[in-house]
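Participant: next one to model:
(chains A and B)
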Amino acid sequence: MADTRRGRTVSGMESSTVGAPTVRTGPPPPVGPPPRRAGTDRREWLLAAALLLPNLLLLTLFVYRPLIDNFRLSFTDYNISSPTGANSVGTANYVEWLGRDDTRIILRNTIIFTFASVVISMVLGLALALLLDQKLRGRNVVRSLVFAPFVVSGAAIGVAFQFVFDPSFGLIRDLLARVGVTTPDFFQDSGWALFMVTTTYIWKNLGYTFVIYLAALQGRRIDLDEAAEIDGASPWTHFRRVLLPQLRPTTFFLSITVLLNSVQVFDLIYAQTRGGPVGTGTTTLVFQVYQETFVNMRAGYGATVATIMFLILLTITFIQVRVMDRGSKA
Amino acid sequence: MSTHQHVSQSDRHRTPLMSVAGYAAMTVVVLVIAVPLFWILITSFKERQDIYVRPAQYWPSPATAENYRDTVTSIPFPAYFRNSLIITALLAAAKITLGVLSAYALSLLRFPGRNLVFLVVIAALMVPNQITVISNYALVAQLGWRNTFQGIVIPLAGVAFGTFLMRNQFLSLPHEIIEAARLDGAGPMKLLWRVVMPMSWPTLVAFSLITVVNEWNEYLWPFLMSDNEKTAPLQVGLTLLQNNEGGNNWGPVMAGTVLTVLPILILFLFLQRQMIKGLTAGAVKS
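Facilitator: Sure, this is the predicted structure:
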């Protein structure tokens, strides 16, 4: 770590800061109480504004503005390719959403994909963390291997796993054929296609839940382990009564982040199935937003689906936080 | 990955049976993760007719680099690669700079409404990309920024998570050192450069790494913004390649996949500890 003691007051560095105006320091303040006077406060305020402004501007322009604008668009018949004419249609898009046949299918796809991703990747991630927390030879290599798919792009994994699952010449087909099992048609059967994208996503994402759980396990209280040991607790009791309660905040954190991440998956589904087969086989809400806006040229309806998705996410997150609060008070 | 100094209960009471079960489980894990990766790699080295055989070949014989040659020549892969480098470099530079400056203002400068501004910044984490996409697309298309780098980079440049990460880091610095530097007459920017940053390198490296990985892997926005080799990054180029070749010619597609993920995997191989630090930093604080 670099030397940070006093006395390193080489000047001439201030002006090289990236894009931010600098404030000249006056003469050294007299020895005495901390120099927090009105003049400094105002200059500090201006500096803070200058440092924050670019980021706030970007977030306002490209996150908060479109969030509100999306809500407005959801009440129009907006077409993304003709940006001038958007007519108000009232709540027609929402009414249409409620009545459409594909709404039920897409909601079901989204729920299956998300729920399976959250539950399975958390359970397996915890199991792996418990396993690779043991003193086993070679565990560091295995830890890296488990984590590696997480840093790879979803598009690349999606493309590559299309061939892993290829029902004619893929890896899965070959392995199943060797044990005499017929390969399901991952490309044509909606149910199996959804199985394919969900499995692929869990395979890719397992490293994340694993690493977070492992970090939490390594930060646990050893004295509780020892106490459990003295009490002669069985491994299962030890896990239930000692480890799981300590992992509670981590479990809560993961349940929210994995939920938010998996609901938003686009690249992997696009690369693997383009939302099909048979039109909506693996279409989730996010994919439908893309499909309606940029393929069917119905941005107004796409904005409606996006708004509904956002409201669902907010509600679920809110419930999760409430449940967690209640749990921690009990 | 870090191995803390602790002895878990099972270490002391490990029976041979448990060891065997542990190694068996570990073997299964290795197979499940590694076999698909191995499959992708060998396919990329197979000749075309060897890809479409039953039972499958588990070693390319003869091995060929033909698929890689195809990928690099038949589609503009070098151009996609260059675009990925440009987009990642621009976005990483912007995000790291903005993240550090925002975090500094929100942690060590004093001004009214600081907590409110912080809340505004991190609330952006709750807004999924997909909701902002329609309106942002309309805006950027109106500016005539489709198929330009600024059209891809600028809408993605705002930093919420990085600000959060660096702010936590800055707040964890020892108060006495910062006060001492202030008493010494260090102005706010000098304080940042000379005192705060030198003590924050590990977190900055972690933040930079996860930014680079995320931006390299970014898909949806560049996919909507670019449809040709002028600006499309590798990830988008890969699905374009898949459109042209997929299904009946897996070899070049697999070679393209390997080339796309290789830079990140190499980075990961050398710097995984720092990458993981960046990811877990957000989780440890609740």
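
Participant: go ahead and flag the most central residue of chain A.
Facilitator: Nearest residue to the geometric centre of chain A (Cα atoms, centre = their mean): residue A:261, 2.4 Å.

Participant: can you pull the contacts of residue B:268?
Facilitator: A:144, A:147, A:148, A:151, B:213, B:275 (Cβ atoms under 8 Å, 6 or more residues apart in numbering or on different chains). Yep, even glycine has a C-beta here, placed from its N, CA and C like the rest.

Participant: list just the nearest of those to residue B:34.
Facilitator: Of all the contacts of residue B:268, residue A:148 has the smallest distance to residue B:34: 9.5 Å, by Cβ to Cβ.

Participant: so which residues make contact with the helix or strand containing that closest one?
Facilitator: Under the criterion of DSSP states H and E, residue A:148 resides in helix A:139-151. For helix A:139-151, contacts defined as Cβ under 8 Å, 6+ apart pick out A:128, A:132, A:157, A:203-208, A:210-211, A:214, B:1, B:3, B:26, B:29-30, B:33-34, B:37, B:213, B:217, B:264-265, B:267-269, B:272, B:275-276.

Participant: list the ones among these that fall in helices.
Facilitator: A:128, A:132, A:157, A:203-208, A:210-211, A:214, B:26, B:29-30, B:33-34, B:37, B:213, B:217, B:264-265, B:267-269, B:272, B:275-276 (DSSP state H).

Participant: quick one, which of the residues you listed are buried?
Facilitator: Buried members of these, counted by 16 or more other Cβ atoms under 10 Å in any protein chain shown: A:128, A:132, A:157, A:203-208, A:210-211, A:214, B:26, B:29, B:33, B:37, B:213, B:217, B:264, B:267-268, B:272, B:275-276.

Participant: for residue B:174, what are phi and psi?
Facilitator: phi -60, psi 130 (degrees, to the nearest 10).

Participant: what is the neighbour count of residue B:129?
Facilitator: Residue neighbour count, defined by other Cβ atoms under 10 Å in any protein chain shown, stands at 18 for residue B:129.

Participant: next up, the contacts around the closest residue to it other than its chain neighbours.
Facilitator: Distances taken as Cβ to Cβ, 6 or more residues apart in numbering or on different chains put residue B:220 closest to residue B:129, at 6.1 Å, once the chain neighbours are dropped. When contacts are counted by Cβ under 8 Å, 6+ apart, residue B:220 touches A:266, A:267, A:290, B:129, B:130, B:133.

Participant: same check, this time on residue B:178
Facilitator: B:108, B:191, B:195, B:196.

Participant: mind listing what residue A:261 touches?
Facilitator: Counting by Cβ under 8 Å, 6+ apart, residue A:261 touches residue A:205.

Participant: please redo it, this time with the cut-off set to 10 Å
Facilitator: Neighbouring residues of residue A:261 by Cβ atoms under 10 Å, 6 or more residues apart in numbering or on different chains: A:114, A:117, A:118, A:121, A:201, A:205, A:208, B:128.

Participant: and the helix or strand where it lies, what's its mean pLDDT?
Facilitator: Using DSSP H and E, residue A:261 maps to helix A:244-263. Averaging pLDDT along helix A:244-263 yields 90.

Participant: buried residues of it, list them for me.
Facilitator: Neighbour counts over helix A:244-263 (16+ other Cβ under 10 Å) mark A:247, A:250-263 as buried.

Participant: go on, stretch A:219-235?
Facilitator: A:220, A:225, A:228, A:229, A:233.

Participant: which members of the residues you listed additionally contact chain B?
Facilitator: Under the cut-off given by Cβ under 10 Å from any Cβ of the partner chain, chain B has A:220, A:225, A:228, A:229, A:233 from the buried residues of stretch A:219-235 close to it.

Participant: tally of neighbours for residue 64?
Facilitator: Here I'm looking at chain A. Neighbours around residue A:64, by other Cβ under 10 Å: 17.

Participant: wrong chain, I was asking about chain B
Facilitator: Residue B:64 has 16 nearby residues by other Cβ under 10 Å.

Participant: I'd say it and residue B:49 touch.
Facilitator: No - look at residue B:64 against residue B:49 with Cβ atoms under 10 Å: they stay out of range, at 11.0 Å.

Participant: now the helices for the stretch 151-286 of chain B?
Facilitator: Along the stretch 151-286 of chain B, the segments classed as helices by DSSP state H, counting those that start in this stretch run B:161-171, B:175-183, B:188-190, B:201-217, B:220-225, B:234-245, B:250-284.

Participant: hang on, the earlier thing: what subset of the contacts of residue B:178 is also close to chain A?
Facilitator: B:108, B:191, B:195, B:196.

Participant: would you check which pair of those lies furthest apart?
Facilitator: Largest separation among those by Cβ to Cβ: B:108 and B:195, giving 9.6 Å.

Participant: spit out the residues that contact these two alike.
Facilitator: Counting by Cβ under 10 Å, 6+ apart, the contacts common to residue B:108 and residue B:195 are B:173, B:178, B:182.

Participant: ok, of those, which one's closest to chain A?
Facilitator: residue B:182 (6.7 Å; Cβ to the nearest Cβ).

Participant: pLDDT check: weakest of the shared contacts of residue B:108 and residue B:195?
Facilitator: residue B:182 (86).

Participant: before we move on, the earlier item: the contacts of residue A:261, buried ones only, as a ChimeraX selection?
Facilitator: This is how ChimeraX selects the buried members of the contacts of residue A:261, with burial counted by 16+ other Cβ under 10 Å:
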select /A:114,117,118,121,201,205,208 /B:128
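
Participant: that older thread, and the furthest pair within the ones next to chain B among the buried residues of stretch A:219-235?
Facilitator: It's A:220 and A:233 that sit farthest apart of these, by Cβ to Cβ, at 14.9 Å.

Participant: check what pLDDT residue 10 gets.
Facilitator: Just so you know, I chose chain A. On pLDDT, residue A:10 comes in at 33.

Participant: my question was about chain B, not that one.
Facilitator: 46.

Participant: then residue B:132?
Facilitator: As predicted, residue B:132 sits at a pLDDT of 94.

Participant: name the helices or strands packed onto the helix or strand hosting it?
Facilitator: According to DSSP H and E, residue B:132 maps onto helix B:129-142. Contacts defined by 3 or more Cβ pairs under 10 Å, 6 or more residues apart in numbering or on different chains; DSSP states H and E place helix B:129-142 against helix A:65-73, helix A:285-290, helix A:299-329, helix B:149-153, helix B:220-225.

Participant: quick one: closest of those to residue A:278.
Facilitator: Of the helices and strands packed on helix B:129-142, nearest to residue A:278 by Cβ to Cβ is helix A:285-290, at 14.2 Å.

Participant: so where's chain A shaky on pLDDT?
Facilitator: A:1-40, A:83, A:327-330 (pLDDT under 70).

Participant: contacts only, for the residue nearest to residue A:91 when sequence neighbours are not counted.
Facilitator: Of all residues not flanking residue A:91 in the chain, residue A:75 sits nearest, at 6.8 Å (Cβ to Cβ, 6+ apart). Counting by Cβ under 10 Å, 6+ apart, residue A:75 makes contact with A:86-94, A:300, A:303-304, A:307.

Participant: just these now: which is nearest residue A:187?
Facilitator: Nearest to residue A:187 among the contacts of residue A:75, with distances taken as Cβ to Cβ, is residue A:304, at 30.5 Å.
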